[in-house]
Each structure stands twice: as C-alpha cells, then as structure tokens.
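Trainee: coordinates for the following, if possible.
(chains A and B)
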2 protein chains.
Amino acid sequence: MRFEPARGGADGFARARSAGEPADQATVRRSNLSLVLRHLSEHGPRSRSAIATETGLNKTTVSSLVSELQARGLVDETGPAHNGAVGRPGRTVTVDGARVGALGLEINVDYIAAYGIDLAGRVLVDRRASFDAMGSGPERSLDELTRVAEASLAEFEAAKATAAGITVAVPGLIDVAAGTVVFAPNLGWRGVPVVGRLAAALARPTVPVTVDNDANLAALAEFSRGVAAGVPDLVYLTGEVGVGGGVISAGRLVRGADGFAGEVGHVLVDPYGERCGCGRIGCWETKVGLAALVRMATPDHAYGLGVDGIVPDPEERLTEIERRLADGDLRVAQALKEIGRWLGIGGATLVNVFNPRVIVLGGYFARLGIHVLAAAQAELDRLVVTGQESRCAFVASDLGFGAAALGAAHVAVERVLTDPTLVTPVGGNPYQLEERR
Amino acid sequence: MRFEPARGGADGFARARSAGEPADQATVRRSNLSLVLRHLSEHGPRSRSAIATETGLNKTTVSSLVSELQARGLVDETGPAHNGAVGRPGRTVTVDGARVGALGLEINVDYIAAYGIDLAGRVLVDRRASFDAMGSGPERSLDELTRVAEASLAEFEAAKATAAGITVAVPGLIDVAAGTVVFAPNLGWRGVPVVGRLAAALARPTVPVTVDNDANLAALAEFSRGVAAGVPDLVYLTGEVGVGGGVISAGRLVRGADGFAGEVGHVLVDPYGERCGCGRIGCWETKVGLAALVRMATPDHAYGLGVDGIVPDPEERLTEIERRLADGDLRVAQALKEIGRWLGIGGATLVNVFNPRVIVLGGYFARLGIHVLAAAQAELDRLVVTGQESRCAFVASDLGFGAAALGAAHVAVERVLTDPTLVTPVGGNPYQLEERR
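Mentor: Numbering: from 1, shown residues only, chains lettered A, B, ... in the order given. So this is what the prediction gives:
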C-alpha cells in the first residue's frame, strides 16, 4: 500500500520522464533508492540478485544502492555466503525497521494523541490524553504538543530508534507547504505556524516536521489498514465536534487547489436549518456533529461542559450516551436515528460527486456505528442517483479516535520510503561505512 | 498539456517502476515511443540527437524509435544532411500530424455534434445539428450517430487523414471499460452498448471506439484550452436539460469507483424543493437546469415543445429568452437572477468538497454567463467555508456547446500520444518501410 506524500514529491523519476524531460542524476539515485527500499518493504527480504531481477535495475546499481541504504541504517544484510561463491550471493537484504521511527501527533478540540511506529510497523508510542485545546489557545496548545512530542521521542530513544519525521494532524485548513494552520474553526486558530513553532521548540531540531489535515491523514490510515484497506475510492468522515472529510480517489488523496478539499462538514444540507459554528446556515455538521448529538440526546448535558465544569473526553461523553441508551432513554434513541438519517442525506451528496465504494465513519461515528449505520445506509441507498448501478457502503472504522495520529505516523514513514536520503548516514561516506560493518 | 486517458493506461513504464515491479519489453518500448512522440508534440521539431539529449534515452534507442514512428506515419524526418557527416545529423524530426486524425462525437438530449482534428490540431470536422435523441430512442439515435460518424470520416478521407480513434460523449453514467452507457436519464437510455453498436455499424470497423461521460470530456477540453487551460483543479458544469459535472483535481479527472463521479446535478440543495427527473426531491438540477430556466422565464413555452410542436435547438431557445430579456421581460430577468443564486449555492458545496480554483460554466450557462455570473459569484463567496483563504471563480466557457465533442477528439488524440502502436504501420516491417522511404 502506498501513501501519497504531502504535496507531490513522490516518484520524481517517473514524473520527470513522463513530462518528457530528462531526470538529473540525484533524482534518479533518490528514486532508485526508494524503489529498492519500497520493494523490500512490500515484498520482504531477498538477495541483491533477486532485487535486480525483480526491479529491472542492473546488479551493480543494486549493490551500490543496498550499500547506501545500509549506511543510512535502513536495511541490513544477513546470512552466510552459503554457496561458497565470491561475494555474498546467499545473503539476504532486509529492511532494518527497528532503527528508524516516525511520529504522528494529533491535536483536536479536546485531546492530544501521539502514535509512533518504526519502519517495520512496530508500535513505539500510543498515547492519548484529554486536553482543552479550544480553551487553551494556540500558544499553550503548542507548548503541550511539544511536551507530548518530547516524551514520545524519549520513548523512541528508549527503543533505540531515531525519529526520521514528525507529522502533526490538525482539524482545519492547512497550508502544507508553509507548515501553517490557516484556519481551524473548532480550535479557534488562524494563521498558526505549527511546523516552525514545533521545530524551534524541540530539543532535536533536525527531525523534519510537517502538518496536515486530520481527516486527510485518517483517510490515508484507513486506506493503509483497517476496514477499507486498499479500497482506492473512499471517503473518511471524522466525527468530532466538527465533521471533516478525507477523500481518496483512484488511490490518491484529493487535496484541491489550496489543500482545502474535503470540507464536507460545511456542505449545505438544509437551507432552513440551524446556524453552524462557521456562521452559515444548514451545514451538515449542524445535523451530525458530536455537538448535535449531545444537544439532541442529552439536553441536560450541554456540550463543552461536563457535570463538574471540566471538559469531558469524547469517549467519556459517549459512554454516558450509551449508558442512557441502555437505560431506555428514548431521546437518545431518537437522536441516534436522526444522526443516521442525516448521515445518509449528506453521504448521498458525497457519493454523487465522488462515487466512492466505501464511506468510513471515524471518530464518534465509529463508536456509535451500531446505532446509526442502518438508518444511514437506508437513506443513502434511497438518495444516491446512480442507484443499483453502484454501491457505496457506510462502514465503521476500527481505528478509533487515533486514526489521524496513525495516518500521520504512516505519512512520516512514507516520506522515508519515498526519499531514503532523509535519513542521515550514521557517519561519513556510506561506502566506507559499509566496509566498517 | 496532458490528458488522462480513459481508465488508466498512461505511463505504464512509470507505474510499473514505481510499483516496484519490472516493466516488460513491450511496455517499455510503447512508453518510449510515447515519450518521443509527446516530446516532439510538446516541444516542436528537433534532431534525433536533441531528442536523445533531452529525453535521457540513448541515441541508438532514439533512432530505432523514430524509425518506428515514421513507419506508423506519425513523424517525418526532413532537411538535408547539411554538415556532411555520416548519417543524418542535420535532419529534423517533426510530428506528421496531417496523416492521423481523431474524431469526437457527442449525442445529447437535442443535438448531435462531431469534431475532428488531426495530430497537429488542425480542425477537420466541426458540425452540430438538432436531433431529438430523447424522442428517438437508443436504436434510431445510434443509427443517426453512425451516419454522422461516416460523414465525418469521409471528411477525414478528403483531407487525406486516417482516423486513429473515435470517442463518443454521452450525458450519463458510463462504463468506460465495457463501452456501455449504464444509465442516461435525460436520454432515457439504460444499458446501451454504444461502442459495440457503433463499431459494428461503421464501414471502417478497425477504428477504435470509446465512450465517456460528456461532462468529463468537456472538463478535459477546458483543461486543455479555453478559459481555464492548465488550471489543475477545476470543475466543469454542463448546462443542458440535465446538469452534469466533470472534475479535474491535481490535473487528473476524478472518476470514482465506477466512473460515476461528478453527478453534481443531483446534489441535494433543497430538501423542501421540486421533484427532479431522477425521482428525488430538491436536486440542484431542478434549480439551475435549462428546464428550470425555461419554466421560470417563459412559462408559455413549456420545455420539450417549441411553438410549432418541434423540439427547438437549445440555442434557438436561448435566443428567444435573450430577446425577451432585451424587451424588458421582468420574469426573464428574475429567472436569471434566481438561476445565478442557485448556481452559487450548489457551487459552494462543490468548492467545499473539491477546492477548485475555477468553476467553468458550460452549455447554456456559458451562453447566458453575463446574466448569471455576478449573482452566482456573490452567493458562492458568501457560502464557501474557506472564505478569503481560497478563491474560486465562476467563468463562462468559450467552447460553446461543442466542448464535449472537442474533449472527445482530444482524448482520442491523447490515446495515440500515449500508445503510438494504436496506429497501424503503413505496411510490413517498420524498419524495412523506413528503408523504402
């Protein structure tokens, strides 16, 4: 499974070729390093000779590429030269996943999450804690994010892994190239330079940091693993206070001209409806967001304040709603049915314009999936114009609230697979290094 | 400017490489033929030696590729070997555009259009005639389409060009791979095998035929030339009886899981509105389609029937509406303002989900652009959630009702640029042929 890296950057060789222009040597080298590392990552350990045969690269080139990847600590070569021939024909090249890790962070309205993995997919960090980002403002939120990042990187070090990249997920409009949150209405952020601020505050300033939209990252996580893994046309819905979307079409993230595509929470569904947090009337978010559920299901328990004045974690809030449902609270049952119905109505617009095979329900929708899926699917089937000619299924994510942080970590891994030169050699000339091993 | 061919097919070499798999010899050869032909098409005539330097291919390979392209009648080599050296170092390779043509056909509710071009972009055919496709049914419509195709191909022959492909544009859900119109509500077609039927009926059955959605093809035409040429994120709206959309994101057509993406006419905009032709309530098409305009602006002139019972061409109908507007008919002025307002409302949903830079108004919207653009833009600016952070402009297409046929012709040309082996060599072995020239 391949991720599309943030804003182009991948397969420079292929693009340079298809544009009818020659690729420069450094680009070709980087592309070939990526080709070999990705081949090993996807198909498992094999000999230099097998790599050459399977990639179409010549053996001398493969040997040089493997040596450089070794020097960068990305692959290892093991096993005896068992057939007695000169060189190392019996030796096997393996992705040395344990040495290089990637960290995904997510800041959302009421929590911060961190997810760290190494190149082999081993989980190094998995933490989530309630945090009132809305009330804290960007400065204090970024301080807390830095603290979580430092604690996570310490866990990397304890596992003897070096962080090759950090990606931060934020619910809002992101300028990926500038590393800035342009506007995050539910956090109250506008023009916050997340990348610059975090990179400056980290004790390890050499770790490259990027920022991206939470729903985009979660969509990539779903495309990579979970209930919709490998489905090339899917829409992921975040169910938080806000409702966001990440859209994958033909295996690629739909980003739009400014990277703002997928703002599905603000699709108009009811011109005669309620006013949205964005100031407009009748946005989908006003019908299916967590605040709408809390308002309809537990009017005594206004959103944003818990019983004791402390913002409860969304999971705590959902536990309360499920408890009331189990107790036979008809308002809760009715509210969930209404959320399902409006999920289907807005979902039909997404199906009409994107024609996805699956709409993955994330965040709180996933937690309550069993109570909303039937109503949502029935309404969707009724409203989609293509009818029986195509089929789109609502499915509940099994990645939980951590999908964005998980996707962020995967994106950071993907950057390394796409450009292995992001990982600094352990020291000096890679070829000398190889001799020393 | 590159088109994406129907359903993948392009840059097989690049894809095979990036997927970490070796490309087979035939695929590499086809890709390299395409690379050279496209390079010449985009950058103009140059020597074999310049092609080698600029593409990164070696000189022997380039010579062999040029010879094969010559044999297929796609390039020509001219000029004296002026520097006296062995071989032809002073000779120039040129795309021999005049010999190979491509035909685009469009069948819509009330007209059939044909547009033919050669590889150099010269227009060979440009015709459009009223035709009651809705009333005629698929069989008689395909007979008429075949007649138009034959007449067009006769014009190709008169211009001494061979047709390398035909692409048919149809307003509906298309299974491109099967060559079938799955469902075209405004034509009343369901499961019509357009490609098989047309290919069987043509006197020249060797010409490859494909079928695609009219709005997708028009979007590609706009991306290639006209007011939004080169804008990688754009939405094209067809304004016919139905309202369709073609979406280009990051320079690629968004097709969706079944090729049904872009059914924007059936986006819900008013859950308390009128019933649509699709049977549902409140689709955008009921607010902005040509039938809505005619109903609001000229209630005496019901859609589908002219004053004498004959279906008028849309252009005639629009001429009548413009005449009434010039005469001070307030109903017409009010109707156009209302169309503009609803264009903005539905447009905001498209901007929220796709984040395009431009929405190109095609078909009747383009004709009436001056009367609807201001209201549409004002409503769009008011409703888009990204506000000032991004800017999407409504612009009127200058390609007229012929955009889909034009796009169809370009797609047929693009197929040749992507796979030059689609053009059969004039005879025998290409290398022998080259010697005979």
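Trainee: excluding its backbone neighbours, what's nearest A:Leu383?
Mentor: Excluding the flanking residues, the one nearest A:Leu383 by CB to CB, 6 or more residues apart in numbering or on different chains is A:Ala348, at 3.5 Å. Placement of C-beta: from N, CA and C, glycine included.
Trainee: would you list the phi and psi of the one you found?
Mentor: Note on A:Ala348: its backbone torsions stand at phi -60, psi -40 [degrees, to the nearest 10].
Trainee: contacting residues for it?
Mentor: Listed by CB atoms under 8 Å, 6 or more residues apart in numbering or on different chains, the contact set of A:Ala348 reads A:379-380, A:383-384, B:268.
Trainee: quick one, which of those residues has the minimum pLDDT?
Mentor: Lowest pLDDT of the contacts of A:Ala348: A:Val384, 83.
Trainee: how near is it to B:Gly259?
Mentor: Noted for A:Val384: a distance of 15 Å to B:Gly259, by CB to CB, to the nearest Å.
Trainee: where does the prediction get shaky in chain A?
Mentor: A:1-24, A:80-89, A:301-313, A:387-389, A:426-437 (pLDDT under 70).
Trainee: how's it carved up into domains?
Mentor: A:12-97, A:99-217+A:402-420, A:228-398 (automatic domain parsing).
Trainee: let's have these in JSON lines, adding distance to B:Asp175.
Mentor: JSON lines is the format used below for these (distance: least, CB to CB, whole Å):
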{"stretch": "domain A:12-97", "distance to B:Asp175": "27"}
{"stretch": "domain A:99-217+A:402-420", "distance to B:Asp175": "30"}
{"stretch": "domain A:228-398", "distance to B:Asp175": "9"}
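Trainee: what about the helices in the stretch 151-300 of chain A?
Mentor: With helices called from DSSP state H, counting those that start in this stretch, the stretch 151-300 of chain A shows them at A:194-201, A:214-224, A:285-288, A:290-297.
Trainee: which of the ones you listed sits most buried?
Mentor: Among those, ranked by average contacts under mean count of other CB atoms under 10 Å in any protein chain shown, first place goes to helix A:214-224 (a mean of 29).
Trainee: who does that helix touch, helix- and strand-wise?
Mentor: strand A:100-107, strand A:162-170, strand A:234-239, strand A:243-249, strand A:252-253, helix A:403-418 (3 or more CB pairs under 8 Å, 6 or more residues apart in numbering or on different chains; DSSP states H and E).
Trainee: once you drop chain neighbours, what's closest to the residue in the stretch 151-300 of chain A that chain B sits nearest to?
Mentor: Using CB to the nearest CB, the single residue of the stretch 151-300 of chain A nearest to chain B is A:Gly256, 2.4 Å away. Nearest residue to A:Gly256, sequence neighbours excluded (CB to CB, 6+ apart): B:Asn355, at 2.4 Å.
Trainee: I'd say the one you found and A:Gly259 touch.
Mentor: Yes: here B:Asn355 reaches A:Gly259: they are 7.3 Å apart, a contact under CB atoms under 8 Å.
Trainee: more neighbours: A:Val384 and B:Gly259, which one.
Mentor: Comparing A:Val384 with B:Gly259 by other CB atoms under 10 Å in any protein chain shown, the one with more neighbours is A:Val384, at 26 against 21.
Trainee: for that one, what are phi and psi?
Mentor: Torsion angles at A:Val384 (phi, psi; degrees, to the nearest 10) stand at phi -70, psi 130.
Trainee: thought A:Val353 was touching it, still the case?
Mentor: No: applying CB under 8 Å, one finds A:Val384 not in contact with A:Val353, separated by 10.9 Å.
Trainee: what about the residue in the stretch 51-200 of chain A positioned nearest to chain B, how many residues nearby?
Mentor: As assessed by CB to the nearest CB, chain B sits closest to A:Gly56 within the stretch 51-200 of chain A, at 3.6 Å. A count of nearby residues for A:Gly56, using other CB under 10 Å, gives 16.
Trainee: same thing with A:Ala396?
Mentor: A:Ala396 is flanked by 16 other residues according to other CB under 10 Å.
Trainee: quick one: it and A:Leu373 touch, right?
Mentor: Yes: counting by CB under 8 Å, A:Ala396 touches A:Leu373, with 6.6 Å between them.
Trainee: now list whatever residues contact both of the two.
Mentor: A:Leu361.
Trainee: in a helix, A:Glu315, correct?
Mentor: Yes: the assignment for A:Glu315 by DSSP: H, G, I helix; E, B strand; the rest coil puts it in a helix.
Trainee: what parts of the stretch 151-300 of chain A come near chain B?
Mentor: Selection of the stretch 151-300 of chain A residues close to chain B by CB under 8 Å from any CB of the partner chain yields A:173, A:182-183, A:232-233, A:245, A:247, A:249-250, A:252, A:254-264, A:266-272, A:278, A:280, A:283.
Trainee: which of the residues you listed are buried?
Mentor: A:173, A:182-183, A:233, A:245, A:247, A:249-250, A:252, A:254-264, A:266-270, A:278, A:280, A:283 (16 or more other CB atoms under 10 Å in any protein chain shown).
Trainee: mind checking which of these land in strands?
Mentor: Among those, the members found in strands (DSSP state E) are A:173, A:182-183, A:245, A:247, A:249, A:252.
Trainee: show the contacting residues for A:Leu368.
Mentor: Contacts here follow CB under 8 Å, 6+ apart; on that basis A:Leu368 touches A:293, A:318, A:321-322, A:336, A:339.
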